[in-house]
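Chemist: please find the sequence and the predicted model below.
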Amino acid sequence: MTFSLKGRVALVTGSSRGLGRGIALALGKAGAKVVINYFNDRSSAEDARSEFKENGIHAMLIRADASDPEQVAGMVESASDKLGTVDVVVPNATPDQPQKPIEEYDADFYRQMYDFFVLGPYHLAKAALPGMKKQRWGRIVNVTSEVFHCGVPNFSAYVAAKGGQIGWSRSMASELAPSGITVNTVAPGWIPTERHANDPQEALDAYFETIPMGRWGTPKDVGDAVAFFASDEASFLTGQTLCVNGGRTPW
């Protein structure tokens, strides 16, 4: 099978719903055993596990706060004990991202964005790297966003954190390449999921008009891109960003 992940173990944070669920499902359909991570929504996590089981995917649930280093380390240890070495990690968990003028943000919110999108991937990588280095094979795929490249206004905290995440990924790609570990990023556009249920229709309509492909992206679109980066076929690609936004990429 092309892009096969048979025999691999993948851990996707924030994977009970939304983009994370689509990513985990794609990795599972490629043959990986999958860790479904959640923190608040046990019901969605159980529903995801049922869906994965229906698709013949071996999945386990682990409740952990993806921004807490001790819980992240415990999650990787538990997954390794029960499924084997964690081969693929996808830091995907995200908090709310309100758009505000810079005067309405405060320093604590900036720190929260940094904690999720820079420290979160760092903690997950740090926990998983010993196993990856031992076997000289590993994949880290960060979920970033087109917002960094587009410079979206009234979004400064999120955009700054995503920029930090991209910079971290590039540095880690160079550092880990000699160990057979790749680090890449997938940068989705605006892909409506459950957490966008209350977004203004006028905003949705305006964005849709800018998508050259003429359709909304889906979690599967993002998941398929991540599965490619996780595969052996992408073994010579590292430090790269793949934009999943239907051709909106203006840079």
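Modeler: Great, that's in hand.
Chemist: residues in contact with Ala26?
Modeler: Counting by CB atoms under 8 Å, 6 or more residues apart in numbering, Ala26 makes contact with 220, 223-224, 226-227. The way it works is simple: take the backbone N, C-alpha and C, and place the C-beta from them, glycine included.
Chemist: grab the nearest non-local neighbour of it.
Modeler: Gly223 (2.9 Å; CB to CB, 6 or more residues apart in numbering).
Chemist: any idea which element that neighbour lies in?
Modeler: Gly223 belongs to helix 219-230 when assigned by DSSP states H and E.
Chemist: pLDDT of that helix, averaged?
Modeler: Throughout helix 219-230, pLDDT has a mean value of 97.
Chemist: cool, and stretch 99-115?
Modeler: The pLDDT scores in stretch 99-115 average 92.
Chemist: straight-line length of that stretch, end to end?
Modeler: With CA to CA, to the nearest Å applied, stretch 99-115 spans 18 Å between its terminal residues.
Chemist: stretch 74-92 too?
Modeler: Distance between the boundary residues of stretch 74-92 (CA to CA) amounts to 17 Å.
Chemist: helix or strand with the lowest mean pLDDT in this protein?
Modeler: Least confident element among the helices and strands of the chain, by mean pLDDT, DSSP states H and E: helix 147-150 (a mean of 86).
Chemist: what's the following helix or strand after that helix?
Modeler: Downstream of helix 147-150, the first helix or strand assigned by DSSP H and E is helix 156-176.
Chemist: and the next helix or strand after that next one, which strands flank it?
Modeler: Downstream of helix 156-176, the next assigned helix or strand under DSSP H and E is strand 181-188. Paired with strand 181-188 in the same sheet, following DSSP bridges, are strand 138-143 (parallel), strand 241-244 (parallel).
Chemist: give me the below-cutoff pLDDT ranges for the stretch 1-150 of the chain.
Modeler: Applying pLDDT under 70 to the stretch 1-150 of the chain picks out residues 1.
Chemist: tell me where it has helices.
Modeler: 18-29, 42-54, 69-83, 107-114, 120-135, 147-150 (DSSP state H, counting those that start in this stretch).
Chemist: which strands and helices sit next to the shortest one?
Modeler: I take that to be helix 147-150. The criterion is 3 or more CB pairs under 8 Å, 6 or more residues apart in numbering; DSSP states H and E, and the helices and strands that helix 147-150 contacts are helix 156-176.
Chemist: please apply the same query to the second one.
Modeler: Here helix 42-54 touches helix 18-29, strand 33-38, strand 59-63, going by 3+ CB pairs under 8 Å, 6+ apart.
Chemist: output the second one as CSV, restricted to C-alpha atoms.
Modeler: When you say that, I think you mean strand 33-38. Extracted C-alpha coordinates of strand 33-38, given in CSV (Å, rounded to 0.1, in the frame of the first residue of the first chain):
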residue,chain,number,x,y,z
LYS,A,33,-2.3,2.1,15.7
VAL,A,34,-3.6,5.4,16.9
VAL,A,35,-3.8,7.2,20.3
ILE,A,36,-6.9,9.3,20.5
ASN,A,37,-6.1,12.1,23.0
TYR,A,38,-8.8,14.2,24.6
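Chemist: elements contacting it?
Modeler: Using 3+ CB pairs under 8 Å, 6+ apart: strand 33-38 touches strand 9-12, helix 18-29, helix 42-54, strand 59-63, helix 69-83.
Chemist: select, out of the ones you listed, the one closest to Asp205.
Modeler: Closest to Asp205 of these, according to CB to CB: helix 18-29, at 21.1 Å.
Chemist: go through the closest one and flag the buried ones.
Modeler: By neighbour count with 16 or more other CB atoms under 10 Å, helix 18-29 contains the buried residues 18-29.
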